[in-house]
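>>> Please find the sequence and the predicted model below.
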Amino acid sequence: MPWLWRSQVRNAFFLQALLVLLMTFCSSQSSNLADWPKLIDAHECKKAERLCTEFVDSKHLSQRVESQKCLANVALCGNDVVLLQGDNAGGGTLSGGYTSEAVDDALVHLNLGLKLAPQDMSIHQGRLHVLESSGRYSDMVKALDESCTIYKRRRRASSMACLCSRTGRSPAK
């Protein structure tokens, strides 16, 4: 009988060890790319960067695209500045923006995202937003021209089609 008891104890110990290993493995694989906006909002920039970097080389295109959107936001995270845009009368306006280096880094990721998913409207809009909020208006015009060339019109009106038509440009067909 002692050999039977030992066998049962060994099996129970083995099952517990297996359960612990599975729980550890599953928790390490539970990185959820959709969590990056929460991390950015909480100013946990490094955590967001680690999370998104995990998905840069994903076999799933949607994850690679989302990781580039995330990394663009990571580039801006914590790099806020106040911009003073003067006028000829000696006045001006104050607005929020980002450091030049942060904007450059964000644009690299947004442009990579556009190469992966040229029909993703949020990337086009994000790129225009970053350029506008950083006061890069001439670059914004170039980006809009590029977006109108890249973005293909869908049957129903899209915000890009409306924006392009208001500026005298037309989206690609």
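Right, received. Where do you want to start? Numbering: from 1, shown residues only.
>>> can you pull out the helices in the chain?
Secondary structure of the chain (DSSP state H): helices located at 2-28, 36-41, 45-53, 61-76, 100-116, 121-133, 137-150, 159-166.
>>> Lowest average pLDDT across those?
For the helices of the chain, the stretch scoring lowest in mean pLDDT is helix 2-28; its value is a mean of 53.
>>> so how far is S95 from L131?
Using C-beta to C-beta, to the nearest Å, we find L131 at a distance of 13 Å from S95. Glycine gets a C-beta too; all of them are placed from N, C-alpha and C.
>>> CA-only coordinates of stretch 139-158 in CSV, if you can.
Taking only C-alpha atoms (Å, rounded to 0.1, in the frame of the first residue of the first chain), the coordinates of stretch 139-158 have been written out as CSV:
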residue,chain,number,x,y,z
ASP,A,139,4.2,69.8,-43.3
MET,A,140,0.5,69.3,-42.5
VAL,A,141,-0.4,70.5,-46.1
LYS,A,142,2.1,68.0,-47.5
ALA,A,143,0.8,65.2,-45.3
LEU,A,144,-2.8,66.0,-46.4
ASP,A,145,-1.8,65.9,-50.0
GLU,A,146,-0.2,62.5,-49.4
SER,A,147,-3.2,61.2,-47.5
CYS,A,148,-5.5,62.3,-50.3
THR,A,149,-3.3,60.4,-52.8
ILE,A,150,-3.1,57.3,-50.6
TYR,A,151,-6.5,57.0,-49.1
LYS,A,152,-9.0,55.4,-51.5
ARG,A,153,-12.6,56.7,-51.5
ARG,A,154,-15.2,54.3,-50.3
ARG,A,155,-18.8,54.4,-51.5
ARG,A,156,-20.1,56.4,-48.6
ALA,A,157,-18.6,59.7,-47.7
SER,A,158,-15.6,59.4,-45.4
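>>> I am finished for the moment; much appreciated.
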